[in-house]
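In: give me the fold of what follows.
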Amino acid sequence: MNIAVTGSIATDHLMTFVGKFSDSLVVDQLDKISLSFLAEDLQIRRGGIGANICFGMANLGLSPVLVGAVGEDFADYRSWLERHGVDCASIHASQVRHTARFVCTTDESHAQIATFYAGAMSEARDIELRPVSDRVGGLDLVVISPNDPEAMLRHTEECRTRGYPFVADPSQQLAWMDGPSIRLLVEGAAYLFSNEYEAALLEKKTGWSPDEVLDQVGVRVTTLGRHGARIEQAGLQGIHVPVAAKADAVDPTGVGDAFRAGFLAGVAWKLSLERAAQVGALLATYVLETVGTQEYELGRGDVLRRLGRAYGDEAVADVEPHLLTPRP
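Out: Next up, the predicted model:
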């Protein structure tokens with residue numbers, strides 16, 4: 001199954017603050033906010049939502065096609081992704097901008113304050129999907145994850161025009177897009193991903209009710225943090241999937257990306273929606289237990305053991321034939 005993942009490719013600068021942001025917020029003075037937090041730690045990691053999703057899929061044995069825009073400073077990162085099995089041949093390299101940067105500080109309650117520099121990502125709007133499809137022999141699914149907004153709209157429209165099934169994953173860009181644009185990203189999607197807050201924001205901005213959202217898409221997947229995930233389809237009873245296990249939480253950055261990677265792997269393996277979400281939930285746990293979005297390591301035996309403990313022997317039996325030995 002050929003899956004192209006369009007989305008951001010970035011370098012993450014991750015810091016930790018010993019304390020709570022909320023202790024420094026004065027509610028009636030937020031319009032005059034001026035704060036500085038002393039970071040305890042700094043980690044510089046590879047990231048970007050599109051790259052994170054591809055990394056997770058590749059570690060489960062797939063060969064996803066990453067589609068996005070980067071700067072000339074991407075060489076080492078490209079080598080890393082290709083070493084782990086990600087197809088990087090369709091990435092656009094800017095001649096004038098740096099690769100995007102994500103700067104995030106996390107406090108002791110796992111609240112986060114972040115800034116994102118788009119950089120070369122703004123050139124993703126120049127990428128056409130047809131050459132990608134021609135190169136790999138067709139596209140079975142295209143993931144439209146957070147990226148340059150114009151790129152997201154272009155890719156979505158091209159998917160409709162050329163008949164590529166697509167995944168709508170606007171998530172972090174929902175805050176910046178208006179209702180009509182969000183509608184364009186969602187209408188006709190095979191899958192719609194969001195977390196619980198984003199789901200409510202999507203409904204508010206589009207004016208759609210929950211049932212009307214389901215009428216627009218094939219499958220709606222909503223992640224619920226420590227409460228797991230919910231899968232819905234129009235006219236069918238929803239499915240709730242609990243988290244894989246209580247993890248020793250280290251850093252929540254990239255957990256949602258890992259869930260999507262695992263879910264999409266399950267889709268590629270033609271597993272049930274519930275089983276696909278279980279694979280996603282397990283992969284999310286690995287990310288939660290590490291600092292950085294691509295620093296976890298999977299071992300076939302460990303993955304199957306943890307999957308069995310969380311979801312039973314039937315889950316192991318369904319997943320084991322598809323799970324390739326992870327690449328080094």
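In: I'd like to know how far residue 196 sits from residue 221.
Out: Relative to residue 221, residue 196 is positioned 11 Å away (CB to CB, to the nearest Å). For every residue, glycine as well, the C-beta is placed using N, CA and C.
In: which of the two has more residues huddled nearby?
Out: residue 221 (26 against 14; other CB atoms under 10 Å).
In: distance from the chain centre to the helix or strand hosting that one, please.
Out: In this assignment (DSSP states H and E), residue 221 forms part of strand 219-223. For strand 219-223, the distance between its averaged C-alpha position and the chain's averaged C-alpha position is 13 Å (CA atoms, centre = their mean, to the nearest Å).
In: C-terminal to that strand, what's the next element?
Out: strand 229-232.
In: residues making contact with that next one?
Out: Outside of strand 229-232, the residues that reach it under the criterion CB atoms under 8 Å, 6 or more residues apart in numbering are 214, 219-224, 238-241, 259, 273-274, 277, 280-281.
In: pairing partners for the very next helix or strand once past that strand, with directions?
Out: Toward the C-terminus, strand 229-232 is succeeded by strand 239-241 as the next helix or strand (DSSP H and E). Paired strands of strand 239-241, with direction, are strand 229-232 (antiparallel) (DSSP bridges).
In: dump the C-alpha coordinates for the partner strand into CSV.
Out: As requested, C-alpha coordinates have been extracted for strand 229-232 and formatted as CSV (Å, rounded to 0.1, in the frame of the first residue of the first chain):
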residue,chain,number,x,y,z
ALA,A,229,-9.2,7.2,21.5
ARG,A,230,-12.7,7.2,19.9
ILE,A,231,-13.6,5.9,16.5
GLU,A,232,-16.8,6.9,14.8
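In: buried sites along that strand?
Out: Within strand 229-232, the residues that qualify as buried by neighbour count (16 or more other CB atoms under 10 Å) are 229-232.
In: can you check stretch 70-79 too?
Out: Buried positions in stretch 70-79, judged by neighbour count with 16+ other CB under 10 Å: 70-71, 74, 77-78.
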